[in-house]
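**Student:** this one's sequence-less:
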């Protein structure tokens, strides 16, 4: 029984930490032929970790940071696009002015991001 409760507690604790992003999380993504590594915590990048796997070799590090910037831009654009779509769907057929304002706000944020690329 003790082992079972310990397993449940560990699973719940791990789920809580993962959903709250409480720990430094390492990520490695293959993006357009380049392996981009980074760490994040509380949804913020740890800048020194970006492409750290190439830091010892400038000829690989520099192109990796360019790809990382492109990757992060693409990820941000996708999150903004999804937020815009969700706000648009929520406001459809609904006369709540709060939903219309939220839709307009997310649409404008997406347009601004898109114009900046």
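**Tutor:** Structure's in. What do you need? What you are looking at is a predicted structure, and each value in this text was computed from that prediction instead of being measured.
**Student:** what residues does the helix or strand hosting residue 26 touch?
**Tutor:** In this structure, residue 26 sits in strand 25-31 according to DSSP states H and E. Residues outside strand 25-31 that contact it (Cβ atoms under 8 Å, 6 or more residues apart in numbering): 35-41, 49, 53, 67-68, 70-71. (Glycine included, C-beta is placed from N, CA and C.)
**Student:** from the contact counts, what lies against the helix or strand that contains residue 84?
**Tutor:** Using DSSP H and E, residue 84 sits in helix 58-91. With contacts taken as 3 or more Cβ pairs under 8 Å, 6 or more residues apart in numbering; DSSP states H and E, helix 58-91 sits against strand 25-31, strand 34-41, helix 97-115.
**Student:** can you list those in TSV and add mean pLDDT, distance to residue 81 and mean neighbour count?
**Tutor:** Compiled in TSV, the helices and strands packed on helix 58-91 are given as follows (pLDDT from 0 to 100; distance: least, Cβ to Cβ, whole Å; neighbours: other Cβ atoms under 10 Å):
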stretch	mean pLDDT	distance to residue 81	mean neighbour count
strand 25-31	92	18	12
strand 34-41	93	20	17
helix 97-115	86	6	14
